[in-house]
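In: model this:
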Amino acid sequence: ASGAVSWADAAGGATFQATTDGALADGDAVIVKSNGEVTKVVMTQTDNFSVEYNESLSTNIQAQSVIDYPSSLNGFVAFYKLSGGQGRVRHMTLDAGISDFTFGNEQDVTTSGTMQDPQGVYDTNAQKLLLVYNNGNTIRSRTCTFSDVHTAAFGTEAEATTTTSSNTVKVCYDDNAQKSAIFYTRSNDYKCRIATISGTSVSYGTEATVSTNNISEYDFDCVYDANAQKIVTAYVDVTNNYELRCKVGTISDTSISFGTEVTVQTVSGSTSVDNPVLTYDSTNNKVVVFYRHDDKYIARVGTISGTSISFGTAEEIVSGSFERMSAGYDPDKDRHVMIYSESTGDEPTKAFMGTVSGTSISFGNALTVDDDKHAFRPSVVYHAHRKRLIHFWGNNDVSNRMEFNAIKTADQTTNMTTGNFIGFSDGAYADDATATIQTVGSIDDAQSGLTAGNKYYVQKDGSLSTTADTPSVVAGTAVSATQLIIKG
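Out: Numbers count the residues shown, from 1 in each chain. Here you go, the predicted structure:
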């Protein structure tokens, strides 16, 4: 290829012609190489499972969760129970170098000494956190927003139950219904109520029964499948020999209904199942269930069809004697991470990273998160702003103090720089062909899913987003769902 270049001042903006290095599709984001050839923007990903940063606070805690908070503050929120039973939140940020956490002031959610199992989600419609917890043996919730990293505002506490309920509660947000599903046990029955935020208030729909069997009050979880627009819940059925069961829920207005129950894991003899944790894989549109069975941690991949779910082959992750685990999903790198603490020897905290393919999941080698600290009740969330998993846990060896890790799953590199992006391919071209590239001032009409009036950035992989990537490269401004005025 000669790398010969020519320019034209076409109607609607300038174009640029050059020889292709690799095939181009219509609308591909394009860079120019040092030899004058053009090629599409591509990203290369290499696994790099590692703990990038750890920080601790002396606060004595007994239970905790971490919630991503995608507001203009670009942070996340720790929600925890103090040893005295009070509930508190704390806004946190992670610096761009992934080398320092900044902590806001502690804010009281409850001042009584009876709070249990703090949980929460971010309601993207209301743009508020929904904090859910057991307080005085009843399930309650309230809204929370931060005007700055030190100042939280809370809505009025609202009771979801008025009779004795389980200490444990789980909550997940349905982005399509713009509601949250709250799961809990009451009189051994497994229940769910739908919560709606209006202003700073929370209201609930009619209580639904998931199962009338005796369900372990400590062993259930829920997750939202954005592709199927369904809620999935997994739970341990004590009545049926501690088997792991699962149902798919559909929200309609302020109610939820459930499909046919599916058995995820049968048991035999003296074995049992506990500690189910669910993650949603937005790349493959799958649900992954992690759980412990017969001293082994296991994962299975679930696929929703209608109001039911089927699971692929069980994959053993690790065997031994463990404390309870948690798991999270990194949608940017398409990796699942399961974190646990061993309960023998120096009680190290370890993690495994898994990748879904079809209806299977495979795992690499263990990562030592900390080699000699007894971690209890870990919580994991993906922090979208810094594209890291945040691991929040209590250190049982040092007065139950709060510990935080920033965990990286992979490195991503791109052939795009802040200077070599030139525009979009005006048509499809084979390798070593002469291609016409639309440049600054042209209107590219080969995009999809854009929102008119929004500014878009080229991502590492050549896709477009309203959020800048690294490097930060402006693509242009959308004038329709398919058209973009190229700015560069």
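In: below-threshold pLDDT in this protein: ranges please.
Out: Applying pLDDT under 70 to the chain picks out residues 1-12, 372-374, 488.
In: one more time with 50, if that's ok
Out: Applying pLDDT under 50 to the chain flags the ranges 1-3, 5-11.
In: give me the most central residue, it.
Out: For the chain, the residue nearest the mean C-alpha position is Tyr382 (4.5 Å; C-alpha atoms, centre = their mean).
In: bridge partners for that residue, pull those for me.
Out: Tyr382 forms beta bridges with Leu389, as assigned by DSSP bridges.
In: 222 is where my numbering starts, stick with that
Out: Fine by me, first position is 222 from now on; the one you just mentioned is Tyr603.
In: check contacts around the closest residue to Val459 other than its chain neighbours.
Out: Computed as C-beta to C-beta, 6 or more residues apart in numbering, the closest residue to Val459 that is not its neighbour in sequence is Asn435, at 4.2 Å. From N, CA and C alone the C-beta is placed, and that goes for glycine too. The contact partners of Asn435, taken as C-beta atoms under 8 Å, 6 or more residues apart in numbering, are 409, 458-460.
In: for Asn461, same thing?
Out: Contact analysis of Asn461 by C-beta under 8 Å, 6+ apart lists Asn434.
In: also Val298?
Out: By C-beta under 8 Å, 6+ apart, the contact set of Val298 is 287-288, 290, 310-313, 341, 350, 365, 367.
In: please narrow the residues you listed to those residing in strands.
Out: 287-288, 290, 310-313, 341, 350, 365, 367 (DSSP state E).
In: output those residues in CSV; the columns should cover neighbour count.
Out: CSV is the format used below for the ones in strands among the contacts of Val298 (neighbours: other C-beta atoms under 10 Å):
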residue, neighbour count
Val287, 25
Ile288, 24
Tyr290, 26
Val310, 24
Arg311, 22
His312, 24
Met313, 22
Gly341, 27
Leu350, 26
Cys365, 24
Phe367, 22
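In: just the closest of those residues to Ile611, please.
Out: In terms of C-beta to C-beta, no member of those lies closer to Ile611 than Val287, at 5.4 Å.
In: just checking, Thr657 touches Thr240?
Out: No. Contact criterion C-beta atoms under 8 Å: Thr657 and Thr240 do not qualify, at 11.7 Å.
In: hmm, back to that, from the contacts of Asn435, pick the one nearest Pro552.
Out: Proximity of the contacts of Asn435 to Pro552 (C-beta to C-beta) peaks at Asp458, which lies at 30.9 Å.
In: quick check: the closest one vs Thr484, distance?
Out: Computed as C-beta to C-beta, to the nearest Å, the Asp458 to Thr484 distance reads 9 Å.
In: then Thr383?
Out: Taking C-beta to C-beta, one finds Thr383 at 33 Å from Thr484.
In: with Asn434 instead?
Out: Taken as C-beta to C-beta, the span from Asn434 to Thr484 is 12 Å.
In: cool, Ser422 as well?
Out: Ser422 is 39 Å from Thr484, where distance means C-beta to C-beta.
In: check Thr630 too.
Out: 31 Å.
In: please apply the same query to Ser293.
Out: 45 Å.
In: for this protein, just list every one of the helices.
Out: With DSSP state H as the definition, the chain shows no helices.
In: so how far is stretch 565-572 off the chain centroid?
Out: Stretch 565-572 sits 25 Å away from the centroid of its parent chain (C-alpha atoms, centre = their mean, to the nearest Å).
In: convert that stretch to CSV, retaining C-alpha atoms only.
Out: Provided in CSV are the C-alpha atoms of stretch 565-572 (Å, rounded to 0.1, in the frame of the first residue of the first chain):
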residue,chain,number,x,y,z
THR,A,565,-8.3,-21.7,58.4
GLY,A,566,-4.6,-20.7,58.8
ASP,A,567,-4.0,-17.0,58.5
GLU,A,568,-7.5,-16.6,57.1
PRO,A,569,-6.4,-14.8,53.8
THR,A,570,-9.0,-13.0,51.6
LYS,A,571,-8.9,-14.3,48.1
ALA,A,572,-10.7,-13.7,44.8
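In: quick one: buried residues of that stretch?
Out: By neighbour count on 16 or more other C-beta atoms under 10 Å, the buried set for stretch 565-572 is 568-572.
In: same check, this time on stretch 256-265
Out: So stretch 256-265, judged by 16+ other C-beta under 10 Å, has buried residues 258-263.
In: what's the answer for stretch 279-287, then?
Out: Under 16+ other C-beta under 10 Å, the buried positions of stretch 279-287 are 280, 282-287.
In: ok, now stretch 686-705?
Out: For stretch 686-705, by 16+ other C-beta under 10 Å, it's 690, 694, 696-699, 704-705.
In: could you do stretch 534-554 as well?
Out: Burial within stretch 534-554, assessed by neighbour count using 16+ other C-beta under 10 Å, is assigned to 535-536, 538-539, 543-551, 553-554.
In: related to what we said a few turns ago, higher neighbour count, Ser293 and Thr484?
Out: Of the pair Ser293 and Thr484, Thr484 is the one with more neighbours under other C-beta atoms under 10 Å, namely 13 against 6.
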